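Q: Show me how the following folds:
(chains A and B)
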Protein chains: 2
Amino acid sequence: MPRYRMTIEYDGTPFVGWQRQDNSPSVQGALEDAIEKLSAERVTVTGAGRTDAGVHALGQAAHFDLEKSFEPGKIRDALNHYLRPAPVVVLEAALADSEFHARFSARGRHYLYRILNRRSPPALDAGKVWHVSPALDAQAMHKGAQALVGHHDFTTFRAAECQAQSPVKTLDRLEVSRRGEEIHIEASARSFLHHQIRSFTGTLKLVGEGKWTPADVAKALAAKDRAACGPVAPPDGLYLVKVDY
Amino acid sequence: MPRYRMTIEYDGTPFVGWQRQDNSPSVQGALEDAIEKLSAERVTVTGAGRTDAGVHALGQAAHFDLEKSFEPGKIRDALNHYLRPAPVVVLEAALADSEFHARFSARGRHYLYRILNRRSPPALDAGKVWHVSPALDAQAMHKGAQALVGHHDFTTFRAAECQAQSPVKTLDRLEVSRRGEEIHIEASARSFLHHQIRSFTGTLKLVGEGKWTPADVAKALAAKDRAACGPVAPPDGLYLVKVDY
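A: I've put the predicted structure just below:
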């Protein structure tokens, strides 16, 4: 029974998120429906990251098993045909060995958060960025972010509904930089807690506005208290960029 | 009677184009409706370029006259409020002198055409790029493009419905470059003929695929015959980037 792995791009706007839900459009459901149209088999697609409603992916990873065997290039092209007009595309498909698991084999996850930092709201990137009007100090945000890098108890930056067994994680990288009218926040870790990057972003925005000092971020982390977190940023600006195996 | 000039960003996808049409959504109509909500005056907004259906703008320029006087920052913010949810935003508004004319005072227009050159269609940029699957040779396209730069009779690259008095124009710049999975075509001139950049793009794509040599572009130009043009590229990838005054 061959196992296939895929790299997937999607616009999260019209979806309730990655995870299948009855009577609501999900990325997982769109992929499973397309696979059924191709193969007449109903399978479960397992993703590396269960992105929330409105969160996008440039390089989500996933796997599934089929009874029938297909050439991987044919899987990619046929799924892209059956996925239309849903904004989900398969960038790559490949045969994987039976040990490969999109979620549990992942060694690193890379996310990008895009803030559009200008007076006027986005026209071309509506739903694809978080619009923040006051001028943000990206250098101060970056300085604050460095307090979060490393092995920590991230209780402050964890959603109440998070299902992870432990709030202790290792954050490998959290870089904040200005790119013209945008502020980019790049985060890398083996795995993340629920709403962790959006909680980081909402907190770092307070630093960018000058409402918090960079040192306040370290204090919020040390508090290990959800109430110490800044307001959680909206999903619009968040992208799952790449998963390492 | 004060004259105002604006810089405007829009997603052309839901519009029949810049130009107002009865009972169809246009960018010009959306702006005129928003101005009426702000001022209770019905005005005509004049744009620098009358972009076609599906063509986008990062920096369209326009002007209009009002009886009432408003602070320009207030015009920008109020129009952005009344424009919602149409994907049109005012980036800047300023007072202009009465001689200023968005169309006739323009000294240069800059456009970008984005081709997504990969096997899989776009998910995040659907409607914002032209998807071309076969690998394109950007260097050959750039070489072919150089035959078009300068003062020429562009009859070959002009739509039948073009209303310009003469097909003779000066093309200042036509640069083709690869940016990862994308090919960018950047075009600058004082003014363009109808469908000129989309005609260039469709023709240069033939060079990128190896169906035409760069020298064939010069031959097509010299033919001064619409039939010598490649297929016109779709509007999706075209952006009015900036207008010089």
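Q: the helices in chain A, which residues?
A: Using DSSP state H, the helices found in chain A span residues A:27-39, A:72-83, A:138-145, A:196-208, A:214-223.
Q: Among those, single out whichever gets nearest to B:Glu71.
A: Taking C-beta to C-beta, helix A:196-208 is the member of the helices of chain A nearest to B:Glu71, at 27.3 Å. Where you see a C-beta, it was placed from the backbone N, CA and C, and this is true even at glycine.
Q: What lies in contact with that closest one?
A: In this structure, residues lying in contact with helix A:196-208 by C-beta atoms under 8 Å, 6 or more residues apart in numbering or on different chains are A:111, A:113, A:115, A:130, A:132, A:136-138, A:140-141, A:143-145, A:148, A:154, A:156-159, A:169, A:174, A:176, A:183, A:185, A:187, A:212-214, A:216-217, A:220, A:229-235, A:237-238.
Q: for chain B, what are the nearby residues on chain A?
A: With C-beta under 8 Å from any C-beta of the partner chain as the criterion, chain A meets chain B at residues A:9-11, A:56, A:58, A:76-77, A:80, A:87-91, A:118-124, A:126, A:128.
Q: so who does the nearest residue to A:Ala34 once chain neighbours are set aside touch?
A: Closest residue to A:Ala34 apart from its sequence neighbours, by C-beta to C-beta, 6 or more residues apart in numbering or on different chains: A:Tyr82 at 3.9 Å. By C-beta under 8 Å, 6+ apart, A:Tyr82 lies in contact with A:33-34, A:37-38.
Q: Can you add neighbour count and give those back as a markdown table?
A: Converted to a markdown table, the contacts of A:Tyr82 look like this (neighbours: other C-beta atoms under 10 Å in any protein chain shown):
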| residue | neighbour count |
| --- | --- |
| A:Asp33 | 17 |
| A:Ala34 | 22 |
| A:Lys37 | 13 |
| A:Leu38 | 18 |
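Q: nearest to chain B, of these?
A: Nearest to chain B, judged by C-beta to the nearest C-beta, of the contacts of A:Tyr82 is A:Ala34 at 12.9 Å.
Q: OK, contacts around that closest one?
A: Contacts of A:Ala34 by C-beta under 8 Å, 6+ apart are A:78-79, A:82-83.
Q: Show the buried residues in the contacts of helix A:196-208.
A: The neighbour-count test (16 or more other C-beta atoms under 10 Å in any protein chain shown) marks A:111, A:113, A:115, A:130, A:132, A:136-138, A:140-141, A:143-145, A:148, A:154, A:156-159, A:169, A:174, A:176, A:183, A:185, A:187, A:212, A:214, A:216-217, A:220, A:229-230, A:232-235, A:237-238 as buried among those.
Q: What is the burial count for the nearest residue to A:Ala147 once chain neighbours are set aside?
A: Spatial nearest neighbour of A:Ala147, excluding adjacent residues (C-beta to C-beta, 6+ apart): A:Ala218 at 3.9 Å. Residues lying near A:Ala218 (other C-beta atoms under 10 Å in any protein chain shown) number 14.
Q: mind checking how far A:Ala218 is from A:Ala189?
A: From A:Ala218 over to A:Ala189 the distance is 18 Å, taken as C-beta to C-beta, to the nearest Å.
Q: and the helices of chain A as JSON lines, adding mean pLDDT?
A: Putting those into JSON lines (pLDDT from 0 to 100) gives the following:
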{"stretch": "helix A:27-39", "mean pLDDT": "97"}
{"stretch": "helix A:72-83", "mean pLDDT": "97"}
{"stretch": "helix A:138-145", "mean pLDDT": "98"}
{"stretch": "helix A:196-208", "mean pLDDT": "98"}
{"stretch": "helix A:214-223", "mean pLDDT": "97"}
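Q: okay if I get those as JSON lines plus distance to A:Ala48?
A: Output for these, formatted as JSON lines (distance: least, C-beta to C-beta, whole Å):
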{"stretch": "helix A:27-39", "distance to A:Ala48": "12"}
{"stretch": "helix A:72-83", "distance to A:Ala48": "17"}
{"stretch": "helix A:138-145", "distance to A:Ala48": "23"}
{"stretch": "helix A:196-208", "distance to A:Ala48": "15"}
{"stretch": "helix A:214-223", "distance to A:Ala48": "26"}
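Q: Please consider this matter closed, and thank you.
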